[in-house]
Structures are given as structure tokens and as C-alpha cells.
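# My questions are about this predicted structure, shown below with the sequence.
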Amino acid sequence: MNFDKTILVTGGAGFIGSHVIRLLVNKYPNYKIVNLDKLTYAGNLENLTDVENADNYSFVKACITDADQMDKVFDQYKPDGVIHLAAESHVDRSISDPMSFIKTNIVGTVNLLNAARKSWDGNFDGKLFYHVSTDEVYGTLGETGLFTEETPYDPRSPYSSSKASSDHLVRAYFHTYGLPVVISNCSNNYGPNQFPEKLIPLFVNNIKNNKPLPVYGDGKYTRDWLWVMDHATAIDVIYHKGKLGDTYNIGGENEWTNMDLIHLMIEITDKQLGREPGTSKSLITYVKDRAGHDRRYAIDSAKLMRELGWKPTLQTQEGMEKTVAWYLENEKWMENVTSGNYQKYYEQQYTNRV
Ligand code: NAD
Ligand code: DAU
């Protein structure tokens, strides 16, 4: 079959990547979508069972830290575009094991940039390297203000520093070699298929199992939450209409303190479990804070809205109801991802933390 273009999506078996893959495979039958993923603990092909047999979809198991493997993938698939999501993504893990973040997020990104540069060999017509990044590169906000594309970088965790470093390298390849690139920096995503080390799936699962809900510090940390499909549609729009060399911030205009969000989660989860709403408040347990915990993130997405016409679609109440329902209905998915090494991680992260 002949396709109009081939897009290599890295990290497509992860949380956000799987929603991006589904969107692209269904929306663009004339594109070949190649999913490159190492299948770390966070990568799960069960996230993609509904598209795995599509004619325009292929999966390749490979590690972005292996430069030779990246060259081979580019030789074999000759992608016109890359949407790069593969990363180590959990801040807490970056505190206990920074080196794996340096390898995957920095070295892995450079391997992909080099493979793209070699493969495209100066012929950049119709080519694009799209790097998916995070708002955490901007550091932390006080009680007011928003991150714009002009906010100076000030990363404060090994995770955000590794993402900031990869952003700089992507821009360096644009300025130095003329590689066509675009970058987006997004706020916290929520929705189905997120690995239950992150706040929302972890807490929904713990409420269901009557386990303690470990709130870091005073619980007054603030995040700007975005429905994961809204991130996927932003990536689609930026891939097709973004200006080369530019950066776009993506956010939900939807700030919540952790405690307010936790109370909302408790209300909705209790209700869906048939419990008196609020019963699970007794599970709230304040634990030792995350080291270097960023106080507040909030994104100004005005540029993306104004220039490319994107906007978020889902309100939190509805989004959270859908999210909770998905985790409660997909028991087998939760069981599979929390077996094996998950228990070990959980014990190391949360035992004796109080
Ligand atoms: P995730 O941890 O759920 O998924 C990461 C995926 O990358 C997994 O499928 C994993 O197997 C794969 N991967 C990891 N190391 C790899 C390697 N060496 N080679 C190949 N594949 C590898 O992450 P996510 O939450 O879906 O985040 C995806 C991207 O979006 C990341 O770059 C992250 O920094 C960024 N981001 C995430 C959020 C968020 O709220 N989750 C917000 C903004 C930006
Ligand atoms: O802002 C974008 C970032 O959002 C992404 O780049 C990251 O990949 C993604 O993991 C996310 O980072 P956070 O650190 O904000 O997400 P997390 O779900 O780990 O934590 C959200 C908030 O909840 C944060 O203030 C820490 C707090 N928390 C988290 C956990 C796991 C708790 O209080 N208890 C917990 O057990």
C-alpha cells in the first residue's frame, strides 16, 4: 500500500503516546504510523489493541538510547516526520535514579536527532521533527502568573532538567543544522491509560482498594490539568500547522490544588463504587514531601489558541468522571500493570514515608 507520508511516533505505547497513535491511525488512513517503543514498565501494548491490526500501523520494539538501532529504524521506515514522546516521565523516579533520565531523555533524543539528520540528508522538504516536552522546564510559579513561551527555563528536578536539556538540543539542531523542528510544552495530562504511579490513577486505585492516599507535604501544590485527548489534538494541530523552530505551550486553563482535586476524585470514585460520597476521605494520609517539589504550574496557551485555533474541550468534572470510570471498568488492565515490579516500586516509594 502507498502512503502519503510516514510518521514515526516514539513512546507510542505509553499514556499520551497511545492516544496520539489512536488519533493519527484513525484520522489519517493515508499516513503510515510507526510506533517505536522500548516497552519499559510504562509502555503497554494493551493500550493499543483497538488499532494494532490497522493497515496503516506498525510497531517496532527499540530503545532510543541505541544509536545504531535508531539508524536502522530510519533506514527501514524512512519516516517523513517524527513525533517524539518516548521518555522517562515520572519525577519521583528521577529523584531516586537520575541517570536513566539522562540516558533516555537526553542521549535518546540526540540519537533520534542524528538519525533524522542522516536520513533526511539536507533534503528537509515535508520533513518535521516534533519534540513533545513539559511545562516543568519553566520551574515553579508563585501564587500568580502563567508560563508563556518566553518564560526562562528553570528546571528543578532531574526529570525536568533532562527534558529542558533535550529541548535545548532540539533547538540547537534547528539553528545549527537547519533541521525542521517544533516543540510543545504541556501541563499535567489526565485520562485513561496512565500508569498508576502518577497522582490520579494511583489514588483512584487506592480508593477502590481502601488503601492510604499519600498526600505529599501540605497538599497545596497546584497543577494545570488537561484531558489527554486534548493534548493529542493539540499535537495533531501543531504537527500540521506549527511554525518551524517555534515552541507552543499547551494547557487546560484548569488549575487545581492537589487537595481540591483529591476531594473531587474521592467524591466521584466513592459514587461510582456505590459508597456514600466522601467516605474515602478517611484514607487521606499526609506523607513526607517530594524533594524539590515545584509549588505551582500554570500554562498560558494563548499563542496556540490564537495562531493555530486549538482549544481544550472537556471540563474537569466530566473528564474526571470518565477517567475514574475507565480505571474502575478496566480492572484487568490495572491488575496487569500493578503486578510484578510495581509492588517493589510502591514499597520503596511509600513505606516509612510518614
Ligand atoms: P509514559 O511514561 O506513560 O510513557 C513513556 C513511553 O516511552 C513508554 O511507552 C515507554 O516504554 C517509552 N520509553 C521509555 N524509555 C524509552 C526508550 N529508551 N526507548 C524507547 N521507548 C522508551 O509517559 P507519558 O506521560 O505518556 O509522557 C509522554 C511524553 O510527554 C514524555 O516525553 C513526557 O515528558 C511528556 N509530557 C507528559 C505529560 C504528562 O502529564 N504525562 C505532560 C507534558 C509532557
Ligand atoms: O506538568 C507536566 C508533568 O506532569 C509531566 O511532565 C510529567 O511527566 C507528569 O508526571 C506530571 O508531573 P507531576 O509531578 O506534576 O505529576 P504527579 O502525578 O507525579 O504529581 C502530581 C501532584 O501530586 C504533584 O504535586 C505531586 C503530588 N503527589 C503525587 C503522587 C504520585 C502526591 O501528593 N502524592 C503522590 O503519591
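Perfect, I can see it now. Ligands and ions are numbered 1, 2, ... in the order given.

# so how many other residues sit close to Glu150?
10 (other C-beta atoms under 10 Å). C-beta coordinates here come from the backbone N, C-alpha and C atoms, glycine included.

# what's the answer for Thr247, then?
Thr247 - counted by other C-beta under 10 Å - has 23 other residues nearby.

# On the pLDDT front, check it for me.
We note a pLDDT of 98 for Thr247 in this prediction.

# And for Asp92?
For Asp92, pLDDT reads 98.

# Please identify the helix or strand for it.
If you go by DSSP states H and E, Asp92 is part of helix 91-96.

# Repeat that for Ser160.
helix 158-177.

# List the contacts of that helix.
For helix 158-177, contacts defined as C-beta atoms under 8 Å, 6 or more residues apart in numbering pick out 87-91, 93-95, 98, 101-102, 104-106, 109-110, 113, 117, 129, 131, 133-134, 136-137, 139, 153, 155, 179-181, 183, 185, 244-245, 247, 294.

# and the lowest-mean-pLDDT helix or strand in the chain, C-alpha only, in CSV?
Lowest by mean pLDDT, DSSP states H and E among the helices and strands of the chain is helix 341-350, with a mean of 90. C-alpha atoms of helix 341-350 as CSV (Å, rounded to 0.1, in the frame of the first residue of the first chain):
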residue,chain,number,x,y,z
ASN,A,341,7.8,-4.8,39.7
TYR,A,342,5.0,-2.4,40.7
GLN,A,343,4.8,-3.7,44.2
LYS,A,344,8.5,-3.3,44.7
TYR,A,345,8.4,0.3,43.4
TYR,A,346,5.4,1.1,45.6
GLU,A,347,7.1,-0.2,48.8
GLN,A,348,10.3,1.8,48.1
GLN,A,349,8.3,4.9,47.3
TYR,A,350,5.8,4.9,50.1
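
# buried set for it?
Tyr342, Tyr345, Tyr346, Gln349, Tyr350 (16 or more other C-beta atoms under 10 Å).

# ok so, going back, which of the contacts of helix 158-177 count as buried?
87-91, 93-95, 98, 101-102, 104-106, 109-110, 113, 117, 129, 131, 133-134, 136-137, 139, 155, 179-181, 183, 185, 247, 294.

# Show me which residues of the protein are close to ligand 2?
Contact residues, the chain versus ligand 2 (C-beta under 6 Å from any ligand atom): 89-91, 134-136, 187-188, 198-199, 202, 214-216, 221, 223, 258, 290, 297.

# again, only using 5 Å
89, 91, 134-136, 188, 198-199, 214-216, 221, 258 (C-beta under 5 Å from any ligand atom).

# Out of the residues you listed, give me the two with the largest separation.
Asp135 and Pro214 (23.4 Å; C-beta to C-beta).

# which of these two has more neighbours?
Between Asp135 and Pro214, counting by other C-beta under 10 Å, Asp135 is the more crowded of the two (27 against 20).

# Verify the contact between that one and Asp224 for me.
Yes. Contact criterion C-beta atoms under 8 Å: Asp135 and Asp224 qualify, at 7.4 Å.

# Overlap in contacts, the two.
Ser187, Gly251, Tyr297, Ile299.

# What's the local residue count around Leu169?
If we define neighbours as other C-beta under 10 Å, then Leu169 has 18 of them.

# Just the contacts of helix 158-177: which are in strands?
Counted as lying in strands by DSSP state E, out of these, are Phe129, His131, Ser133, Thr134, Val181, Ile183, Asn185, Thr247.

# Could you identify the pair within those that is furthest apart?
The largest separation in the ones in strands among the contacts of helix 158-177, counting by C-beta to C-beta, is between Phe129 and Thr134 at 17.4 Å.

# ok, now which ones touch the residue in the stretch 201-350 of the chain that ligand 1 sits nearest to?
Proximity of the stretch 201-350 of the chain to ligand 1 (C-beta to the nearest ligand atom) peaks at His231, 7.1 Å away. With contact set as C-beta under 8 Å, 6+ apart, His231 has these partners: Ile16, His19, Cys186, Asn189, Ile250.

# quick revisit: from the chain's centroid, how far away is the helix holding Asp92?
16 Å (C-alpha atoms, centre = their mean, to the nearest Å).

# I'd like the numbering to begin with 474 instead of 1 from here.
Will do, 474 is the new start, and the previous item becomes helix 564-569.

# Give me the packing partners of that helix, helices and strands only.
helix 571-574, helix 631-650, helix 814-823 (3 or more C-beta pairs under 8 Å, 6 or more residues apart in numbering; DSSP states H and E).

# and the second one, which residues are buried?
What it means is helix 631-650. Buried, per 16+ other C-beta under 10 Å, within helix 631-650: 631-640, 642-644, 646-647.

# Strands of the chain, residue ranges please.
So, for the chain - with DSSP E - the strands run 478-483, 504-510, 530-534, 554-557, 601-607, 654-659, 661-663, 686-689, 695-700, 720-723, 728-730, 757-760.

# nearest to Tyr712, of those strands?
strand 601-607 (5.4 Å).
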